[in-house]
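# Fold the stuff below for me.
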Amino acid sequence: MRARHNDPEIPDEVEPKDLDKGARAELKTLTKENSDFVARHLVMAGMLIDENPELAHQHALSAARKGGRVGIVRETVGLTAYATGDFTLALRELRTFRRITGLNDQVPVMVDCERGLGRPKEALELGRSVDRSTLDSETQVELAIAMSGARLDLGDDEQALVELEIPQLDKNTAFRYSPHLYRAYAEVLTGLGRNDEAADWIARAEVAEEAFGIDEDGFPLSDDDDLDIEIVELIDEEEEDEPDNEIGEDQAEGHEGQTESPIESTDDEGGTLP
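Next up, the predicted model:
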């Protein structure tokens, strides 16, 4: 018999409309009453997953009681289970999410679950089963990091480095996902004894994190919503007088007359970091 689940309390101010619009659209298959119930628990799961993953998971399970056939619900159960370290449940739920939606968005987490269960070979097999060209850039990065970790689990540091050498590993241009990739690359380089190279990538990660206003885990450093940077250019000091060196003429255009301020906004919402 399934153990009885007690629904955790939800503050009165949390409303169904607080749920992301796309997620709310998925709940339209439910009755209004059930949709509102599920939506509020999903909101709470999202709010709590970082600070209290156990409670977030309880909210996700509550949502599953009345919305278990909805993809976003099974995805939330899987992600909160992953956050609590229950890799078996997380893998099962994310497989269900993938089957319901046909999406590969959570394959990097699934690969990491296989690793958590001590199955690095299965992790690599799962990662190789996905056409990476169908994934967005951030998901490609997370998958590369998970695959690299599986290689490290097998003691193959050289291949772990190769897994990370993807197009998104750009020394000069950083996106919000880049610091995580830079740090993963630096960690493998350190393991290979290439400490000077590792230090360079860590330095680039720190510059990008400061520009984006995030910490090394990707979380905002403050509640300031005014910082709206999508891309930053990372230029070595010796390259400052030659903007077309390595970054290409197309990237150098539009950066003439820059000041020496840490970040200078451009039309593409990027910035230049000296």
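
# quick one: low-confidence parts of the chain?
For the chain, the stretches with pLDDT under 70 are 1-4, 222-230, 235-274.

# can I see the domain layout of it?
For the chain, the structural domains run 11-103, 104-163, 169-246, going by automatic domain parsing.

# Dump the ones you listed to CSV, plus mean neighbour count.
For glycine as for every other residue, the C-beta is placed from the backbone atoms N, C-alpha and C. Below are these laid out as CSV (neighbours: other CB atoms under 10 Å):
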stretch, mean neighbour count
domain 11-103, 19
domain 104-163, 18
domain 169-246, 16
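
# Mind putting those into TSV with distance to His5?
Shown next, in TSV, are these (distance: least, CB to CB, whole Å):
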stretch	distance to His5
domain 11-103	6
domain 104-163	22
domain 169-246	30
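
# Counting by contacts, list what the helix or strand hosting Ala144 packs against.
Using DSSP states H and E, Ala144 maps to helix 137-153. When contacts are defined as 3 or more CB pairs under 8 Å, 6 or more residues apart in numbering; DSSP states H and E, helix 137-153 sits against helix 107-116, helix 120-128, helix 157-164, helix 178-191.

# Kindly calculate the angle that it makes with helix 178-191.
20 degrees (axes from the mean of the first three to the mean of the last three CA atoms, to 10 degrees).

# re the thing from before, any chance of JSON lines for the helices and strands packed on helix 137-153, columns distance to Gly68?
As requested, the helices and strands packed on helix 137-153 are arranged in JSON lines below (distance: least, CB to CB, whole Å):
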{"stretch": "helix 107-116", "distance to Gly68": "19"}
{"stretch": "helix 120-128", "distance to Gly68": "24"}
{"stretch": "helix 157-164", "distance to Gly68": "35"}
{"stretch": "helix 178-191", "distance to Gly68": "32"}
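
# Give me the contact list for stretch 149-158.
Around stretch 149-158, the neighbours that count as contacts under CB atoms under 8 Å, 6 or more residues apart in numbering are 111-112, 114-115, 120-121, 123-124, 127, 159-160, 163, 188, 191-192.

# In terms of distance to Ala63, which of these ranks first?
For those, the residue nearest Ala63 by CB to CB is Asp112; the value is 22.9 Å.

# Verify the stated contact: that closest one with Ser148.
No. Using CB atoms under 8 Å, Asp112 is not in contact with Ser148; the gap is 11.0 Å.

# Once you drop chain neighbours, what's closest to Glu54?
Excluding the flanking residues, the one nearest Glu54 by CB to CB, 6 or more residues apart in numbering is Thr84, at 5.7 Å.

# Quick check: the one you found vs Leu221, distance?
With distances taken as CB to CB, to the nearest Å, Thr84 is found 26 Å from Leu221.

# and if you look at Thr76?
Thr76 is 26 Å from Leu221, by CB to CB.

# next one: Glu165
The value you get for Glu165 to Leu221, if CB to CB is used, is 29 Å.

# contacting residues around Ala63?
Phe37, Val38, His41, Leu42, Ala45, Val73, Thr76, Val77.

# That one sits in which helix or strand?
Short version: Ala63 belongs to helix 53-67, going by DSSP H and E.

# what sits against the closest residue to Ser148 other than its chain neighbours?
Nearest residue to Ser148, sequence neighbours excluded (CB to CB, 6+ apart): Glu163, at 4.0 Å. Applying CB under 8 Å, 6+ apart to Glu163 gives the contacts Ala144, Met147, Ser148, Arg151.

# Looking at those, which is nearest His57?
Met147 (26.4 Å).

# my guess is that closest one meets Val111, correct?
Yes. Using CB under 8 Å, Met147 makes contact with Val111 at a distance of 6.5 Å.
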